[in-house]
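Q: Generate coordinates for the sequence data below:
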Amino acid sequence: MAVPQKVQVWSKRDEALLLECSWYLLKIPSTGNPWQSLDIVFRHVASSNAAELFDNLDDVYVLHLDENAPKKILPESFGSLKAFRFFLQCLRATTASRPGFGRVAKLIIPLQKGHIVRSDIVPLRLRDFQYVETASSFAEPLESYNGCAIALSDACDLPALFSAATAGLLLYLDSEHDSDAGFEALSLAVESELENRLSLPWILPGTARCRTLVLVDGNSAHPDKGGTGYGFYLAAIELGINLVVLENAGHWLEGPDYAHWREAFIPTRLTNPPEEDLADRIVESVKAYGKPVDGIVTFADSFWVYIAQAAQQLGLRTSSQDAFRIATNKYLTSVFVGHEAYRASSLGEALDIAKKTELPYPLIVKPCDGWSSEGVSRVDSLDELTTAVESIDTSRHGSEFVMEKYCAGPEVDANFVLLDGEVLFFEVCDDFPKSADINGPSVGSLTNFHELNSVYPSALPSREIDLLRNSFLDTLLKLGLKDGIMHLEGRVEYSSVEYKTTQYGGLDLCPCDDSNKPTNQQPTAWLIEINPRPLGMTGSQIIESTYGIDYWGLALLIAVGDKPRVRALSQPFKHGAQYTCVMVFIPADYPSSCQGIFDSEDICADLMARRPDLAKHISRCACLVKRGQKVPHPSSGVNSFLAYFNVFSRAGRNEALDLARQVREEVRYWFV
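A: Next comes the predicted model:
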């Protein structure tokens, strides 16, 4: 054991000693990883009642006690304020346990020369790692490193250790192993998992330049009002990408509160549906910015055709207008893949088609320009067709809708990371039956295709997953969509599995009964829709935590043509998904006798306070409405959510589904 040294935290206001800790380095053998790990044991020595009050760095100073006189440690000597804050956090963590108990901090020092692939890559890849209480990055966007290890001669210089590191990990309290041997075992277990999670090339050779991306449509929902798009802007910051936002004047991004999220804001008239001169307005706004840009992107499906047109005029890389036109129109998509589909713009046209054509009941009716499953209905007879057509909100989705066969097979989300036509990453999740499905659950007053549960990874047989990959990829490449994050929804027709009630009491995929499947039919991929963008921000979070892949960050890098970083950040954990995760959607629903005014506080915080046993299995969650807010009823044609929970299990799918069931049952909310 190394000889412990001591540090003290003092108050500048009254010169009171707030906290004293000892520290020393563990001697951990090298693991051969492309980083050096330094493990520091901090132990609580003494503290005052005000020890928890040194959040403000301006209010405290630190002394290092050595054989000579005490030496003041300046925050800047730690290399960054982020590193200094983490150091103070480690000291404070010692006060949470009994006197003298140790806490271990692991510092990660890159041993490769080059620039960091994104500044928060370490905490991003360590989300929900059970041995790490806190993962903090000290890096700046695009920061470069010399690849040199810390020499043993510097082992007594605490600030030098922190200033060389790119990140710090505060390991969880382990009261049963408060010894060097126990700490070493914990450190080695963490190191083994780091090999799995940091298996990507997260330090790239050379230096990187900051890039500029034009974003058309900046996300309409304000972060303070339930908007979930902030993760996109934070990813841009961590990647060192400057955003030039084109949006309507008065958008919340135009003001000073969120000016740090973008390089510039160019007021640009945007309407949905778009006006025909949108591409010209985009080009005019980009030219008004007056500086070089590396790409242009949108995440509003109805704008893609105009983005392609503007990109061509500006000399920027893009897929063809025709590819986006087909991909973002559900009728054109169905026809492209060979479905027997019918398009109409009114109830009269639909009834006329039904009169002249033998429609394949049950069928799906859905708007050609739709989202969030709004206006999507299953129609089992001619009598139901009128109700289905009239349920479409034409003010939101336009008047055109498509009628086609309903495929009853298991539904999936299939997501691709494509670069130059190559699949860099692909995953499939199971979208559990909705209340409108033939085998769907009965949920309140819902009789539509509102999302309920999505489970990652899929439990489909591997050959059916391969079928989806090959079929959907073939469609994308034939369209000419070779770059981007592609979010496809589909089903497996004639699948070898179906949803049944299991011995655990809930629905899950199980082998089909022979009587339910024609013996001469092989599974086929049935494409529902193509979205040339990542799935919604809340959905993308579950991919990030399950696989270590951030779709929105990749979408930014693809848009600016940064191929080396796209390839690096498309690599999942070496050993695949870290757990089974269920995204539990809580749809807005209430009795028709209510006015629709939400009359509860944060339903996520409430559940986690009442059920801490469930809280430890929730990766992320958010309440999307606030008390007093009027929420549309599903019968209005608007599908809105009250909250979502990402519920995980390391024990397997059965436990994850059971935890998801408990979360749904435990949610409490009221409407008036």
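Q: host element of Leu467?
A: helix 462-479 (DSSP states H and E).
Q: How far off centre is that helix?
A: Relative to its parent chain, helix 462-479 has a centroid offset of 23 Å by C-alpha atoms, centre = their mean, to the nearest Å.
Q: quick one: average confidence on it?
A: Regarding helix 462-479, the rounded mean pLDDT is 98.
Q: swap in stretch 304-321?
A: Mean predicted confidence for stretch 304-321 is 96.
Q: Please identify the buried residues of the helix holding Leu467?
A: Residues of helix 462-479 classed as buried: Glu464, Ile465, Leu467, Leu468, Arg469, Ser471, Phe472, Leu473, Thr475, Leu476, Leu479 (neighbour count, 16 or more other C-beta atoms under 10 Å). C-betas here are computed from N, CA, C, even on glycine.
Q: Who are the packing partners of that helix?
A: On a contact count with 3 or more C-beta pairs under 8 Å, 6 or more residues apart in numbering; DSSP states H and E, helix 462-479 meets helix 321-327, helix 330-336, strand 411-419, strand 422-431, strand 484-493, strand 524-531.
Q: host element of Ala559?
A: Using DSSP H and E, Ala559 falls in helix 551-560.
Q: now what about that helix, what contacts it?
A: 118, 211-213, 231-232, 235-236, 238-239, 241, 294-297, 299, 415, 417, 419, 483-485, 533-535, 537, 540, 543-544, 565-566, 569-570 (C-beta atoms under 8 Å, 6 or more residues apart in numbering).
Q: Just the ones of those residues in helices?
A: Applying DSSP state H to those, the entries found in helices are 231-232, 235-236, 238-239, 537, 540, 543-544, 565-566, 569.
Q: mind putting those residues in JSON lines, distance to Arg396, neighbour count and pLDDT included?
A: Conversion of those to JSON lines gives the following (distance: C-beta to C-beta, whole Å; neighbours: other C-beta atoms under 10 Å; pLDDT from 0 to 100):
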{"residue": "Gly231", "distance to Arg396": "25", "neighbour count": "17", "pLDDT": "85"}
{"residue": "Phe232", "distance to Arg396": "23", "neighbour count": "23", "pLDDT": "90"}
{"residue": "Ala235", "distance to Arg396": "28", "neighbour count": "23", "pLDDT": "96"}
{"residue": "Ala236", "distance to Arg396": "28", "neighbour count": "24", "pLDDT": "97"}
{"residue": "Glu238", "distance to Arg396": "34", "neighbour count": "24", "pLDDT": "97"}
{"residue": "Leu239", "distance to Arg396": "33", "neighbour count": "27", "pLDDT": "98"}
{"residue": "Met537", "distance to Arg396": "20", "neighbour count": "18", "pLDDT": "73"}
{"residue": "Ser540", "distance to Arg396": "23", "neighbour count": "24", "pLDDT": "91"}
{"residue": "Ile543", "distance to Arg396": "27", "neighbour count": "25", "pLDDT": "96"}
{"residue": "Glu544", "distance to Arg396": "29", "neighbour count": "21", "pLDDT": "96"}
{"residue": "Arg565", "distance to Arg396": "36", "neighbour count": "24", "pLDDT": "98"}
{"residue": "Val566", "distance to Arg396": "34", "neighbour count": "23", "pLDDT": "98"}
{"residue": "Leu569", "distance to Arg396": "34", "neighbour count": "27", "pLDDT": "98"}
